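# generate coordinates for the sequence data below:
(chains A and B)
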Amino acid sequence: MLQYWTAILSEAAIFGILALGIDMIWGWAGDFDLSAYAYFALGVYMTMVLTIGKPTSPVEYILGYHLPYLLAVGIAVVIVVAFASIIGAIALRSLREVYFSITTLGAVWAIYYLVENYTPLFNGYNGVYGLFDPMGGGLSYAAYHYFFFAFCLLALFLVYLVVQRLSRSPFGRMVRAVRDDERAASVYGRNVFWAKYRTYLFGAGLAGFAGGLFAAYIGAFNPLDWKPTEIFVLYAAILVGGRGNPRGVILGSFIVYVGFVEMTRYIPSPASRPELGPALRQILIGLLIILMLKFRPSGIFPERLGTDGTEPKRSLRTLFRRRPSGEESSEGLATADATGGAQA
Amino acid sequence: MSIFWISIGMGLAVAAILALSAVAFTLEYAVSRVVNLAHGEVLTIGAYAAYVGETNFHLNLYMCAVVATIAGSLAGMGLNFFLIEQFRNQKALSTLIATLGASLILQNLLLIGFGGASVSYSFAQGNLLHVGPFLWTVLTIKVMISTLIVAAIIYVMIQRTRIGKALRAVSQNRDLARVSGIPARQVVMHTWALAGAVSGFAGFLYGETVGTITPSIGNGFLLLSITAAVGGGLGRPYATLGGALVLGLVMSIAGTYTSSAYQLVIAFGFLVVMLLIKPNGIFVRGKAQMVRA
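All right, here's what the predicted structure looks like:
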């Protein structure tokens, strides 16, 4: 039982990292990105093909090295970010909101069908498998299990620290200001595309990292079991937790993920109708998304603005102030500095 | 007779169905400013309704088409009533995410209702006919003629009737239309009924020509409809028709030289090229700096 729970919680921790990545793009920058699944899956695939060695005859995939696991994850993240830089450049250059979303939707399905049908890439719809206990060393099965659980929690905690720090930093505030009013932000000298683009790449990198961890967790990955719809549960989790609030997002993914796994475990799924349980689960996720959006769009833990501790929701002028007091800004933000000085 | 012309012929049939689906999608956008990600599921509902009509009630080809149309229309009205109108005062992006949830719900309800295995109609395909350089079955020709008729009906409705005039007014500015005494809510409901009916019919035609129906056929059709609508001009029915024809031809020509499995990949490439060159649509005049909705 304990092992069952640690397995569920390891998975929730991995999805928490993925949710933080999605939330940076959706919550902070306001771009509803549907291709996060592609970055997650690419992270899984790249980690796999970099660690499991050469493919044997009927199976085929690219690369096929025997690198140490952590190095492989690192390379996977780099590749994912490089890939995201192409999609992001297309989708963010002159498209916003709904147009951005449908471009990323098109991208994720196009990539999905490409991976499923083009076998030399990642072995088509059979997927890749064979990554077991990559950090095991001499540990027994049970001990490795707990070690991996601790490793996932540690990774989530470190990612949380970085994300929370970024969220409160001038960068985090700038991205949110761009989200709230692009025109005003660009009048104040911010490069709108560059702000959104950097957030996009960071979020995609986190998704790739989550994919790297997930590769070690699950050991096998294929397009039939992992459709892009599988991560919609995370959109529900982010909505429940609170868009733009890293703490809320992590709590949301634990609540929704663990809640769903536990709740749907007791839905009877007769042998003649194996699809019943998963289908009901997806329906509940859809309902959760709609009901949250309708009745509490800011989630249980709403985004917290105004990181100086004074008057939250002060909008642009407060957010654009570079330093709390004193120091002159050389970039000639006269208005911002004037109001900033007055308040400080 | 070259393979090329035969595949162009099939491409025309697919493009005709695609055109109906994309026009329905664009009409929904025109009146409600919503990118309806549950659009594919309305097609699927139409396709399954006709399947139930054929297998359980032994209806003929034409009655099945009517059943699919009615089912699609009801689905469209239901979506508008229970979802779109509830989100009317929210941002377009919130409504888009809500329709994503709706798509998940509908697709899985269909999965529970009909199972995951693919089903197909058993209507006779009819003889093969050579028309010019093309090779079509009688059924395919019926499909193409019926799409022309439906397109003509849509054109007459939009351009010549009071409902169409109200529709155009609401699509330009809903508040202004209401101030001028147009019952906007009712007009939007009628438009969704029309769009749903056209989608349901398109779903039936898809099942008839392609042959297999599963609960997830909506995904592919949604993407192709979006590509056609955005490529042609989102919210503009005639531009969308043009976009669908261009997309259908591009896909069938490219499909001649590669596997049909890459259809969606090609469609996405088309969408990207369109968005980079002319983000507000091929058939829309003017140049957009930044596209937002």
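# every contact and neighbour count from this point should use C-alpha atoms.
Noted.
# count of residues packed around the residue in chain A positioned nearest to chain B?
Proximity to chain B, evaluated over chain A using C-alpha to the nearest C-alpha, is greatest for A:Gly286 at 3.9 Å. Neighbourhood size, A:Gly286 [other C-alpha atoms under 10 Å in any protein chain shown]: 26.
# same check on A:Gly21?
Around A:Gly21 there are 29 residues (other C-alpha under 10 Å).
# contacts only, for it.
Counting by C-alpha atoms under 8 Å, 6 or more residues apart in numbering or on different chains, A:Gly21 makes contact with A:Phe202, A:Gly203, A:Ala204, A:Gly205, A:Leu206, A:Ala207.
# which residues in chain B form helices?
B:3-32, B:39-57, B:61-79, B:92-114, B:138-160, B:162-172, B:174-179, B:184-210, B:217-232, B:237-257, B:263-277 (DSSP state H).
# also the stretch 201-344 of chain A?
A:232-241, A:246-265, A:276-295, A:315-320, A:334-343 (DSSP state H, counting those that start in this stretch).
# show me what from chain B comes close to chain A.
When proximity is defined by C-alpha under 8 Å from any C-alpha of the partner chain, chain B lies next to chain A at B:35, B:86-87, B:92-94, B:96-98, B:100-106, B:108-109, B:111-112, B:115-116, B:223, B:226, B:261-262, B:264-266, B:268, B:271-272, B:276, B:279, B:289-293.
# just checking, B:Ser120 touches B:Tyr206?
No - contact criterion C-alpha atoms under 8 Å: B:Ser120 and B:Tyr206 do not qualify, at 10.5 Å.
# who has more neighbours out of those two?
More neighbours surround B:Tyr206 than the other of B:Ser120 and B:Tyr206, with 24 against 16 (other C-alpha under 10 Å).
# shaky segments in the stretch 1-150 of chain A?
When residues are selected by pLDDT under 70, those of the stretch 1-150 of chain A lie in A:136-137.
# just the strands in it please.
For the stretch 1-150 of chain A, applying DSSP state E, counting those that start in this stretch gives strands covering A:128-129.
# near chain B, which residues of it are found?
Applying C-alpha under 8 Å from any C-alpha, we find that the stretch 1-150 of chain A lies next to chain B at A:32, A:90, A:94-99, A:102-103, A:106-107, A:109-111, A:113-114, A:117.
# so where's chain B shaky on pLDDT?
Short version for chain B, where the test is pLDDT under 70: B:1, B:260, B:285-293.
# distance of the residue of it found nearest chain A relative to A:Tyr235?
Residue nearest to chain A within chain B (C-alpha to the nearest C-alpha): B:Gly101, separated by 3.9 Å. Relative to A:Tyr235, B:Gly101 is positioned 10 Å away (C-alpha to C-alpha, to the nearest Å).
# what about stretch A:168-185, near chain B?
No - using C-alpha under 8 Å from any C-alpha, stretch A:168-185 stays clear of chain B, coming no nearer than 11.5 Å.
# what residues of that stretch count as buried?
Neighbour-count burial for stretch A:168-185 flags A:168, A:170, A:172-180, A:182, A:185 (criterion: 16 or more other C-alpha atoms under 10 Å in any protein chain shown).
# widest-spaced pair of those?
Greatest spatial distance in those: A:Arg168 and A:Glu182, 19.6 Å, computed using C-alpha to C-alpha.
# B:Phe123 reaches B:Leu61, doesn't it?
Yes - at 7.1 Å, B:Phe123 and B:Leu61 qualify as touching, with contact defined as C-alpha under 8 Å.
# more neighbours: the two, which one.
Neighbour tally, B:Phe123 and B:Leu61, criterion other C-alpha under 10 Å: the higher count belongs to B:Leu61, 16 against 12.
# circling back: can you name the residues that contact the residue of chain A closest to chain B?
Contacts of A:Gly286 (C-alpha under 8 Å, 6+ apart): A:Ala236, B:Leu100, B:Gly101, B:Ala102, B:Ser103, B:Leu104, B:Ile105.
# wait, A:Asn117 touches A:Ile111, no?
No - with contact defined as C-alpha under 8 Å, A:Asn117 does not reach A:Ile111; the gap is 9.9 Å.
# mutual contacts of those two, please.
With C-alpha under 8 Å, 6+ apart, A:Asn117 and A:Ile111 have no common neighbours.
# if we can go back for a sec, quick one, what contacts the nearest residue to the residue of chain A closest to chain B once chain neighbours are set aside?
Leaving aside its chain neighbours, A:Gly286 sits nearest to B:Gly101 (3.9 Å; criterion: C-alpha to C-alpha, 6 or more residues apart in numbering or on different chains). Shown in contact with B:Gly101 (C-alpha under 8 Å, 6+ apart): A:Ile285, A:Gly286, A:Leu287, A:Ile289, A:Ile290.
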